[in-house]
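> below is the sequence, then the predicted model.
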Amino acid sequence: MEYERRRKLFSLFLLLIVIGLITVVVSIAYNAGWLKNPTATLQQNQPGLYTISHYVDGDTIDVNMNGSLETVRFIGVDTPETHKPNTPVQCYGPQAAAYTKQLISKFGRVRLQADPLDTNRDRYGRLLRYVYLPDGTLVEAQTISQGYGFAYTQFPFQKADEFKADGQAAKEAAKKGRGACQVTTESNGREQTNPAN
């Protein structure tokens, strides 16, 4: 019985020491700034994030990849044109470009992911990538679901069904101001808005 009482006291004593050590460690971490905003700290220190160098339009950005400038074309989304040579600015193009910039600029950096079904680069030499924000948001899906772009499914990629569903939902909801744009569908299924007035 005495042995059992001593064992319980010893266990209690060890528990108090562990709690004390945890309190000290948490206090040190908080004072060092590690716990004031852990999500921001994680996002700042997350490996594989690239800084945005330039916003080209709603579906293309330039990033600094370890000192080298790369143009990145988002996989699976097509936004109305604003800078394509020999193509007029399309209806809702400036708004789509502004949306992409607003969405990404909250963080200023993105994580890029290739798709095993897609090629590494397009015919213009641009990297083809899924673009993720540090909080895990997939920019393509967000752009399509909010009505700023169309699912671009002329080439195979893993998220094609997801993007088509996002596009259908956005179309049915007539999201944002794109509902006022005349949308045409080309013979290959690619959707485009009419030139802006």
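Received the coordinates, thanks.
> do I have it right that residue 166 meets residue 148?
No. Shown here, residue 166 and residue 148 do not form a contact pair, counting by Cβ atoms under 8 Å, at 11.1 Å. Using the backbone N, CA and C atoms, a C-beta is placed for each residue, glycine as well.
> burial count for residue 55?
Other residues within reach of residue 55 by the criterion other Cβ atoms under 10 Å amount to 16.
> center of the protein, which residue is that?
residue 132 (2.7 Å; Cα atoms, centre = their mean).
> partners of the top strand by length along the chain in the sheet?
The residue-count maximum for a strand in the chain (DSSP state E) belongs to strand 49-57. Next to strand 49-57 in the sheet, as set by DSSP bridges, lie strand 60-65 (antiparallel), strand 109-113 (antiparallel).
> just put the ones you listed in TSV and tack on distance to residue 95, mean neighbour count and mean pLDDT.
As requested, the strands paired with strand 49-57 are arranged in TSV below (distance: least, Cβ to Cβ, whole Å; neighbours: other Cβ atoms under 10 Å; pLDDT from 0 to 100):
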stretch	distance to residue 95	mean neighbour count	mean pLDDT
strand 60-65	16	19	94
strand 109-113	21	18	96
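> could I get those strands as CSV with distance to residue 125?
Shown next, in CSV, are the strands paired with strand 49-57 (distance: least, Cβ to Cβ, whole Å):
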stretch, distance to residue 125
strand 60-65, 12
strand 109-113, 16
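> now do the buried residues in stretch 58-77.
Counting neighbours by 16 or more other Cβ atoms under 10 Å, one finds that the buried residues in stretch 58-77 are 58-63, 70-77.
> which one of the residues you listed is nearest to residue 99?
For the buried residues of stretch 58-77, the residue nearest residue 99 by Cβ to Cβ is residue 58; the value is 6.7 Å.
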